[in-house]
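>>> output the structure for:
(one chain, ligands or ions: 1)
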Amino acid sequence: MERLYKPHRVIELLNKYGFRFTKSLGQNFLIDGNIVRNIADAAEVSEDDYVLEIGPGIGTLTEELALRAKKVVAVEIDHSLKEILKESLPYENVHIEFADFLKLDLEKLVEEEFGDKPFKVVANLPYYITTPIVEKFVESNLNIDSITIMMQKEVADRFSAQPSTKDYGTLSVFIQFYSDVSYKFSVSKNNFMPKPNVDSAVIKLKFKKDLPQINREKFFKIVKASFSKRRKTILNALSSYGLNIEKSAILKALEISNISPSRRGETLSIEEFIVLSINFPEIKGEDFNRS
Ligand code: SAM
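The predicted structure is shown next:
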């Protein structure tokens, strides 16, 4: 049987089952064998691996994973792909779960399918919910070995950005607080059907084992405030954000942390934000909101 990334095979399957793309579900299917293989290579999937995929579509990436891994579980929201997937993935080591990934009881699915084994997440994500999907993994307590995901290039740039670059912001600090991020490769929009408006990129996340024992709510509040006015100094950004803390106390915390008050927030490394949050006065008031 011909592989699923061949454009004419995709068209044949879609026509046979009268499938219509739903743009709002981020349905852009891969049609390039090299990209599919490169994603599986980046994830380092091999025969003993348990793999979780989000959004198999017609099964293009799933097929590559099934041929390399011990078991693949793929979560797909679109029930109209059911008949296609029955035909396109005749592999015994694949289980498709039809559900909205964001509403799914992930712990239950993982326990049922993988037991307590570590597993790898590999996906060409539906781009409209990239961050919520990653947050769901961050918030879970699951035994995740690594997460290798394709997303909009612009978002991948923010995930992997370093201090003092235009892409470095709250999202970069959030994700890099929890994981080591590596940017793997960029993918042109020409490799998808239908062709999306933007280019993509693949990144790999490895969750850190020993997170610093700090008050995370306070830490992220300080990060958010520090990036709130990118042109201001960190002292002015922090003191005008409504944290209800005297400017002199903020200045003192910056000094103790060895951070010049005239620097801008976007120049601080994650380690510096951590030190600052330890030395910072307690913040009272509204709940932390990361957005
Ligand atoms: N993996 C396929 C490929 O690479 O060709 C398809 C990737 S496509 C970018 C994203 C897939 O995610 C679509 O099949 C879409 O229906 C599915 N999807 C969208 N929202 C979802 C959700 N909330 N939960 C699970 N799957 C979802």
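>>> apart from its neighbours in sequence, what residue is nearest the residue of the chain found nearest the ligand?
Taking Cβ to the nearest ligand atom as the measure, the chain has Gly55 as its residue closest to the ligand, at 2.1 Å. No exception for glycine: its C-beta is placed from N, CA and C like everyone else's. Nearest-residue entry for Gly55: Pro126, 5.1 Å, with adjacent residues in sequence omitted and distances by Cβ to Cβ, 6 or more residues apart in numbering.
>>> burial of the one you found, as a residue count?
22 (other Cβ atoms under 10 Å).
>>> you'd agree it is up against Thr22?
No. The criterion here is Cβ atoms under 8 Å, and Pro126 misses it with Thr22 at 10.0 Å.
>>> ok so, going back, how confident is the prediction for the residue nearest to Gly55, by pLDDT?
Pro126 carries a pLDDT score of 95 in this model.
>>> tell me the contacts of it?
25-27, 54-55, 77, 133 (Cβ atoms under 8 Å, 6 or more residues apart in numbering).
>>> go with 10 Å
Applying Cβ atoms under 10 Å, 6 or more residues apart in numbering, we find Pro126 in contact with 24-28, 54-55, 57, 76-78, 101-102, 133, 151.
>>> then Ala43?
Going by Cβ under 10 Å, 6+ apart, Ala43 touches 49, 51, 61, 64-65, 68-69, 120-123, 145-149, 184, 202, 204.
>>> out of those, which are inside strands?
51, 120-123, 145-149, 184, 202, 204 (DSSP state E).
>>> which one of the residues you listed is nearest to Arg216?
Distance to Arg216 across the ones in strands among the contacts of Ala43 (Cβ to Cβ) is lowest for Ile147, with 19.8 Å.
>>> what about that closest one, how many neighbours?
Ile147, neighbours per other Cβ under 10 Å, totals 22.
>>> distance of Ala42 relative to Ala66?
17 Å (Cβ to Cβ, to the nearest Å).
>>> apologies, that question was intended for Lys82.
17 Å.
>>> more neighbours, those two?
In this view Lys82 and Ala66 are compared by other Cβ under 10 Å, and Ala66 has more residues nearby, 22 against 12.
>>> for Val187, phi and psi?
Dihedral pair for Val187: phi -130, psi 120, per degrees, to the nearest 10.
>>> next, give phi and psi for the closest residue to it other than its chain neighbours.
Residue nearest to Val187 in three dimensions, not counting chain neighbours: Ser200, with 4.3 Å by Cβ to Cβ, 6+ apart. Main-chain dihedrals, Ser200, degrees, to the nearest 10: phi -120, psi 170.
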